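K.L.:
quick one, what's the 3D model for this:
(one chain, ligands or ions: 3)
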Amino acid sequence: MISAIPRLGSRKVKGTPTDQALIGLTHIAIPVAASKIKIDNKWRKLLERHLSIDLEKEISGAKEFNSKIGEIIEVKSNTHSIKIFLIGVGENKLIDQRKLGAILGRRIKGSPIKLLSLCPQDEQQAIVHLNGLALSNYSWNLKSTKKSEPIEFLISDEFKSAINRSEVLVEATWKARDLIHTPSNIKTPKWVADQAKKMAKENQLSIRVKSGREIAKFGGLKAVGNSSKKNPPCFVEISYKPKKSGSKGKQIPHVVLVGKGITFDTGGVSLKRPYDMMTAMKTDMAGAAAVLLATVAAAKLNLNVRITTLLMLAENALSATSQRPSDVIEHFDGTTVEVINTDAEGRLVLADGLAYADLNLAPDYLIDVATLTGAATLGLSRHFAALYTRDNLMAKKFHEIGEVTGDRIWQMPLVDDYAIALESDIADLNHTADKYDFEAGSVTAALFLERFAGNRRWFHLDIAGPARSESDSGENPKGGTGYGVRLLTEWMAQL
Ligand code: BES
Ligand code: MN
Ligand code: ZN
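P.N.:
Ligands and ions are numbered 1, 2, ... in the order given. From the prediction side, this is the model:
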């Protein structure tokens, strides 16, 4: 079952409200800060009369309620079926809105719901809050019994211009999650390319899919992907241009996004061990899903940027045509690379994408997104992506946007002293940085990728940690999180 995306909407609760504002609602969430109810007085009176409750009394009567973020008093009306959540909002800051949304969303998950939340205090807060509410309601399975509850989340109509933006972000993240959750017997490279074609058509994006002889120069993509005869590799190029370009004379920035799209990662000949580590590896295309859906979201919002999105799609299989440790391959830009461990396949497919972008696309910003290294997860666990770049100012911007959207990043250093680890006796580079034992696997992987980015403003997001969640937590479901869709979309919106 692929669950339905919650509907978003608004109700008039300012000015002189009427009973009509209550029609059909199952729940109302009311913010409480420092034991005070933070809603319009007229509306509150209406509610109290209509539901015959006394909200202040409920708060003073509640034990262990300190108005801390996420604390909830549940109030039932004697005369009406609407339930009230009095929810502590702390200082009600912008970055708390997502948390509050997720707490409410989880609380009511699994039942038919029409919830009106009065937590957001402005339009920006409303976007973040709706995202948290809707995304925490995600579920995915292939059970043959179909059951899908209609869910609707409403906010005050003062902020209703937030609804469209939230709808776009929620839908895109939702679809990225669907792609990531799909098992790899269904999700072949061609299947992902077909999904991309469908989305491109719906959003008037141009798209080209290349395979076979057309990817002859993509030595890394071929070396990895030809391990599967049945599901061969392919390269997808999608482009977006805004319908009407911005201020005359001013060039709009060109962003190139490159996504790691390994539809399953067995490790190849360097087989993953212990073997149960492998079951999570259907999610190894989460980078490709993120860049694809961020592009779709950007198009839906008609953002004033030019985007070219490259999906590096391949399966890393174990077969007679798998590459071998010790092979030497040649990348798109002619760089030769000695393959050490066939489980470090991500950087091989990305190297071709980055080189192609640098040589053919003249990007102003070149960004790759990849579930690249277990080492990144060791360093930062699952709540942050590792960001590598030489552009510290822009890294700060990514950090700020990450804190608000929930796709958080932490900038990591490109340690030049470790670059000698990439030397090879027989090729330009060895691909796992196996010389001199520096460890720092996420850093050296980034240093490898940087060799293919030319002199571009380059950003590498290692999302091995946050792309997947081990449990339902916050707005993330167990499994693929859709990390990066909100971050990249909001970042492009601010260029
Ligand atoms: N897809 C994995 C990285 C990964 C591991 C993502 C765990 C999510 C969870 C990647 O292809 C990989 O296998 N990387 C190796 C690199 C090593 C062989 C140099 C790793 O991190 O162990
Ligand atoms: Mn691997
Ligand atoms: Zn991988």
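K.L.:
quick one: contacts for D437?
P.N.:
D437 makes contact with no residue, according to CB atoms under 8 Å, 6 or more residues apart in numbering. For every residue, glycine as well, the C-beta is placed using N, CA and C.
K.L.:
state the pLDDT value of it.
P.N.:
D437 is assigned 89 on the pLDDT scale.
K.L.:
I207 contacts I238, correct?
P.N.:
Yes. Applying CB atoms under 8 Å as the test, I207 and I238 come out as touching, 4.8 Å apart.
K.L.:
chain center to stretch 352-359, what's the gap?
P.N.:
Taking CA atoms, centre = their mean, to the nearest Å, one finds the center of stretch 352-359 at 23 Å from the center of the full chain.
K.L.:
sorry, wrong one. I was asking about stretch 100-118.
P.N.:
Per CA atoms, centre = their mean, the centroid offset for stretch 100-118 relative to its chain is 21 Å.
K.L.:
going forward, count from 50.
P.N.:
All right, first residue 50 from here; so that's stretch 149-167.
K.L.:
list the buried ones in it?
P.N.:
149-158, 162-167 (16 or more other CB atoms under 10 Å).
K.L.:
neighbour-wise, which of I256 and I287 wins?
P.N.:
Taking other CB atoms under 10 Å, I256 and I287 do not tie; I287 has more neighbours (25 against 17).
K.L.:
beta partners of that one?
P.N.:
Here I287 sits in beta bridges with I256, T358, going by DSSP bridges.
K.L.:
measure it to ligand 1 for me?
P.N.:
23 Å (CB to the nearest ligand atom, to the nearest Å).
K.L.:
I figured that residue hits A249, correct?
P.N.:
Yes. I287 lies in contact with A249 (CB under 8 Å); the separation is 5.7 Å.
K.L.:
now the common contact residues for I256 and I287.
P.N.:
The contact sets of I256 and I287 overlap at 245, 249 (CB under 8 Å, 6+ apart).
K.L.:
can you list residues touching both of I287 and A249?
P.N.:
In contact with both I287 and A249: 255-256, using CB under 8 Å, 6+ apart.
K.L.:
wasn't S368 part of a helix?
P.N.:
No. Using DSSP: H, G, I helix; E, B strand; the rest coil, the secondary structure at S368 is coil, not a helix.
K.L.:
just checking, it touches S276?
P.N.:
Yes. Using CB under 8 Å, S368 is in contact with S276, at 5.4 Å.
K.L.:
what about those two, which has more around it?
P.N.:
S276 (25 against 14).
K.L.:
quick check: that one touching A369?
P.N.:
No. Checked against CB under 8 Å, the pair S276 and A369 is beyond contact range at 9.1 Å.
K.L.:
return every residue with contacts to both of the two.
P.N.:
In contact with both S276 and A369: no residue, using CB under 8 Å, 6+ apart.
K.L.:
which one's the longest helix in this protein?
P.N.:
When the chain is scanned for its longest helix (criterion: DSSP state H), the result is helix 211-230.
K.L.:
for that one, what does the pLDDT average out to?
P.N.:
98.
K.L.:
which residues in the protein form helices?
P.N.:
Taking DSSP H as the criterion, the chain carries its helices at 90-100, 104-110, 145-156, 172-184, 211-230, 238-251, 268-274, 335-349, 395-409, 423-429, 441-454, 490-499, 534-542.
K.L.:
pLDDT (mean, whole number) over the first one?
P.N.:
Per-residue pLDDT values over helix 90-100 give a mean of 90.
K.L.:
want to throw the helices of the chain into JSON lines with distance to G64?
P.N.:
Formatted as JSON lines, these follow (distance: least, CB to CB, whole Å):
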{"stretch": "helix 90-100", "distance to G64": "7"}
{"stretch": "helix 104-110", "distance to G64": "20"}
{"stretch": "helix 145-156", "distance to G64": "24"}
{"stretch": "helix 172-184", "distance to G64": "18"}
{"stretch": "helix 211-230", "distance to G64": "19"}
{"stretch": "helix 238-251", "distance to G64": "39"}
{"stretch": "helix 268-274", "distance to G64": "59"}
{"stretch": "helix 335-349", "distance to G64": "32"}
{"stretch": "helix 395-409", "distance to G64": "52"}
{"stretch": "helix 423-429", "distance to G64": "47"}
{"stretch": "helix 441-454", "distance to G64": "30"}
{"stretch": "helix 490-499", "distance to G64": "54"}
{"stretch": "helix 534-542", "distance to G64": "31"}
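K.L.:
still on that earlier bit, and the buried residues of stretch 149-167, which two are the farthest apart?
P.N.:
K158 and L167 (20.0 Å; CB to CB).
K.L.:
contact residues of the protein facing ligand 1?
P.N.:
314, 329, 333, 390, 392-395, 420-424, 481, 490, 513 (CB under 6 Å from any ligand atom).
K.L.:
grab the two from these that are most spread out in space.
P.N.:
Farthest pair in the residues of the chain next to ligand 1, by CB to CB: A329 and T481, 20.7 Å.
K.L.:
okay, these two: which has more neighbours?
P.N.:
Higher neighbour count among A329 and T481: T481, with 22 against 16, using other CB under 10 Å.
K.L.:
coming back round to it: and which of the buried residues of stretch 149-167 is nearest R500?
P.N.:
Using CB to CB, these come closest to R500 at A151, 39.8 Å.
K.L.:
who's in contact with that closest one?
P.N.:
If you count contacts by CB under 8 Å, 6+ apart, then A151 has 181-182, 184-185, 523-524 around it.
K.L.:
so which of those residues is the most crowded?
P.N.:
Counting by other CB under 10 Å, top hit in these: L182 with 33 neighbours.
K.L.:
what distance do you get for the nearest residue to S215 once chain neighbours are set aside to ligand 3?
P.N.:
The shortest distance from S215 to any non-neighbouring residue, by CB to CB, 6 or more residues apart in numbering, is to L179 (3.9 Å). Applying CB to the ion, to the nearest Å, the value for L179 to ligand 3 is 33 Å.
K.L.:
I figured L179 was touching S210, is that so?
P.N.:
No. At 11.8 Å, L179 does not count as touching S210 under the criterion of CB under 8 Å.
K.L.:
higher neighbour count, those two?
P.N.:
Neighbour count, other CB under 10 Å: between L179 and S210, L179 has more, with 30 against 12.
K.L.:
spit out the contact partners of that one.
P.N.:
57, 150, 169, 202, 204, 211-212, 215, 219.
K.L.:
which PyMOL command selects the buried ones in those residues?
P.N.:
In PyMOL syntax, the buried subset of those is picked out as below (16+ other CB under 10 Å):
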select buried, resi 57+150+169+202+204+211+212+215+219
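K.L.:
mind exporting the C-alpha coordinates of stretch 466-483 to PDB?
P.N.:
What follows is stretch 466-483, C-alpha atoms only, in PDB (Å, rounded to 0.1, in the frame of the first residue of the first chain):
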ATOM      1  CA  ASP A 466      47.200  16.400   4.300                       C
ATOM      2  CA  TYR A 467      45.200  13.200   3.700                       C
ATOM      3  CA  ALA A 468      45.200  13.600  -0.100                       C
ATOM      4  CA  ILE A 469      48.400  11.500  -0.400                       C
ATOM      5  CA  ALA A 470      46.200   8.500   0.600                       C
ATOM      6  CA  LEU A 471      44.800   8.600  -2.900                       C
ATOM      7  CA  GLU A 472      48.100   7.800  -4.700                       C
ATOM      8  CA  SER A 473      48.400   4.800  -6.800                       C
ATOM      9  CA  ASP A 474      51.500   3.000  -8.200                       C
ATOM     10  CA  ILE A 475      49.700   2.100 -11.400                       C
ATOM     11  CA  ALA A 476      47.000   4.700 -12.000                       C
ATOM     12  CA  ASP A 477      46.300   8.400 -11.400                       C
ATOM     13  CA  LEU A 478      44.400   7.600  -8.200                       C
ATOM     14  CA  ASN A 479      43.500   4.600  -6.000                       C
ATOM     15  CA  HIS A 480      39.800   4.900  -5.200                       C
ATOM     16  CA  THR A 481      39.600   3.900  -1.500                       C
ATOM     17  CA  ALA A 482      42.500   6.100  -0.200                       C
ATOM     18  CA  ASP A 483      44.200   2.900   1.000                       C
END
